[in-house]
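>>> have a look at this prediction, sequence included:
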Amino acid sequence: MDIVVLGGGVIGLTLASLLEKQTEHNITVVSPNQQEAARYSALTYASKNIFTYLGIWEAVLNSDVGMYHKMHLYDANTQAAIDIDAHEFGAAELGHIVNNKMLSEVLYRRLQDTRVNFVDGFATELAHGAQKSKFLVNDQMLSADLLLGADGSNSWLRKSLDIPSYNYSYQHHALVATVELHTKHYNTAKQIFYPAGPLAFLPLSAPNTCSIVWSTNPEHAKTLMQMTEEEFAAEINVAALHSKRFCFPLNMRHVTQYVGSNWALLGDAAHVIHPLAGQGMNLGLLDAATLAEKLQNASLNNLYNSLRAYERARKGYNWGMIGLMEFCKRTFGSKNKGFNTVRSVGMRALNKFMPAKNLISKIGMGVYGELPLSARGYL
Ligand SMILES: Cc1cc2nc3c(=O)[nH]c(=O)nc-3n(C[C@H](O)[C@H](O)[C@H](O)COP(=O)(O)OP(=O)(O)OC[C@H]3O[C@@H](n4cnc5c(N)ncnc54)[C@H](O)[C@@H]3O)c2cc1C
């Protein structure tokens, strides 16, 4: 079968690597060779397992990677906190912080000298057929038995096929930067919940450097972007700013349909969620691992069944995470004093209740629910 993966971001390249390892299909990746802005992502234990399975975890670790084994969730309104320590659950860490661009480069290197072909450019002009689909890349006509759209939140494939989606604005912009702290981070990821939105500190490899994600209302984000570097560093109480600031409007999107007879969507092309729990890329990686697994024994005769099995495994799971993000955003964004007191009491109680903390850490580590084999960590 001729498979075309659209999009050479982390999700598209991971999918191509898994298909290359797990199937016999012909694989082409179509994507422009673009440089990503300096962004970092928190990777779960399940995602680490996928990269270990692909044999590239050592190479990922040799790039600019931070590790965190503690998590401190702090409610700035009521001073209540929840502390989670991986060691309490017998785990070595809760997750890693990786640079998106470096991760893409490691994946790209893995695919060199394999049977995966690369075509550099944007796919355009889709002629979708019941059997083969055709499209243009730089005036060159390409065709595929199966089109897999990992082409990001503005997915060309989703738009070309006119796939409807649920979507709304979170009324938040995310400000991203790298900062130097006054003290060491001690491999602790911190999330401070302000009424306007959460500020996350993600520990990087240098002992006093963090990547920050500050999700806040658009007016506040604009003010933060206009501050001088010194004013901004003082505002978040850090020693210095180490990078440019980037700002992204945040929207929720979830497609109503992940698959058709000869296409599928995954990663941000299928769902975009609030970054407050650092789960968007991790969900996309589980999509990729599940889809590759379901395509292992797929042929042109049973393709739709395999694609539907992927959709059944992932859609409800991703809805669950979208709901959880909404719950967190509303819970910490409430201006109701009575509700805030209840939240504070709830957080303090939860902090002493190990089974609940265990559940939170399992969700945070991506090790709950039905996982594809490559994400389970014992292959
Ligand atoms: C502020 C912020 C912080 C985040 N932090 C985290 C985090 O800590 N942890 C986490 O798990 N997630 C996080 N996320 C989410 C994560 O960044 C995304 O889920 C992830 O990068 C999506 O990857 P992707 O490969 O699906 O899409 P993208 O990275 O957008 O890649 C899409 C690719 O498709 C290509 N493309 C586009 N159009 C076409 C076309 N027509 N033809 C061919 N190719 C095309 C693009 O060039 C690109 O290479 C965060 C998001 C934001 C906004």
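Happy to help now that I have it. Residues are numbered from 1 along each chain as shown.
>>> now stretch 18-34, how far from the centre of its chain.
For stretch 18-34, the separation from the chain centroid amounts to 20 Å (computed by CA atoms, centre = their mean, to the nearest Å).
>>> got the contact list for that stretch?
Applying CB atoms under 8 Å, 6 or more residues apart in numbering, the external contacts of stretch 18-34 come out as 1-9, 12-13, 16, 50, 53-54, 111, 114-123, 137, 142, 144, 146, 151, 288-289, 292-293, 295-296, 298, 374. Bear in mind the C-beta positions are built from the backbone N, C-alpha and C, glycine included.
>>> start and end of it, how far apart?
Length of stretch 18-34, first residue to last, CA to CA, to the nearest Å: 22 Å.
>>> what mean pLDDT does it have?
Averaged across stretch 18-34, pLDDT comes to 94.
>>> so that stretch, near the ligand or not?
Yes - residues of stretch 18-34 contacting the ligand under CB under 6 Å from any ligand atom: 30-32, 34.
>>> just the buried residues out of those, in ChimeraX syntax.
A single ChimeraX command selects the buried members of the residues of stretch 18-34 next to the ligand (16 or more other CB atoms under 10 Å):
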select :30,31
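>>> want to throw the residues of stretch 18-34 next to the ligand into CSV with distance to residue 90 and secondary structure?
Below are the residues of stretch 18-34 next to the ligand laid out as CSV (distance: CB to CB, whole Å; DSSP: H, G, I helix; E, B strand; the rest coil):
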residue, distance to residue 90, secondary structure
30, 43, strand
31, 40, strand
32, 44, coil
34, 41, coil
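>>> closest to residue 42 among the residues of stretch 18-34 next to the ligand?
Proximity of these to residue 42 (CB to CB) peaks at residue 34, which lies at 22.5 Å.
>>> packing partners of the lowest-mean-pLDDT helix or strand in the chain?
Across the helices and strands of the chain, mean confidence by mean pLDDT, DSSP states H and E is lowest for helix 354-365: a mean of 86. Under the contact definition 3 or more CB pairs under 8 Å, 6 or more residues apart in numbering; DSSP states H and E, helix 354-365 sits against strand 81-85, helix 337-352.
>>> let's see 7 Å
Packing partners of helix 354-365 (3 or more CB pairs under 7 Å, 6 or more residues apart in numbering; DSSP states H and E): strand 81-85.
>>> in stretch 90-109, what counts as buried?
Of all the residues in stretch 90-109, those buried under the rule 16+ other CB under 10 Å are 91, 94-104, 106-108.
>>> in helices, which of those appear?
100-104, 106-108 (DSSP state H).
>>> tabulate these in a markdown table, adding columns for distance to residue 231 and pLDDT.
Conversion of these to a markdown table gives the following (distance: CB to CB, whole Å; pLDDT from 0 to 100):
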| residue | distance to residue 231 | pLDDT |
| --- | --- | --- |
| 100 | 28 | 93 |
| 101 | 28 | 92 |
| 102 | 30 | 93 |
| 103 | 32 | 95 |
| 104 | 33 | 94 |
| 106 | 37 | 95 |
| 107 | 38 | 96 |
| 108 | 39 | 95 |
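>>> quick one: the helices in the stretch 1-150 of the chain, in order.
Secondary structure of the stretch 1-150 of the chain (DSSP state H, counting those that start in this stretch): helices at 10-22, 45-53, 57-61, 100-111.
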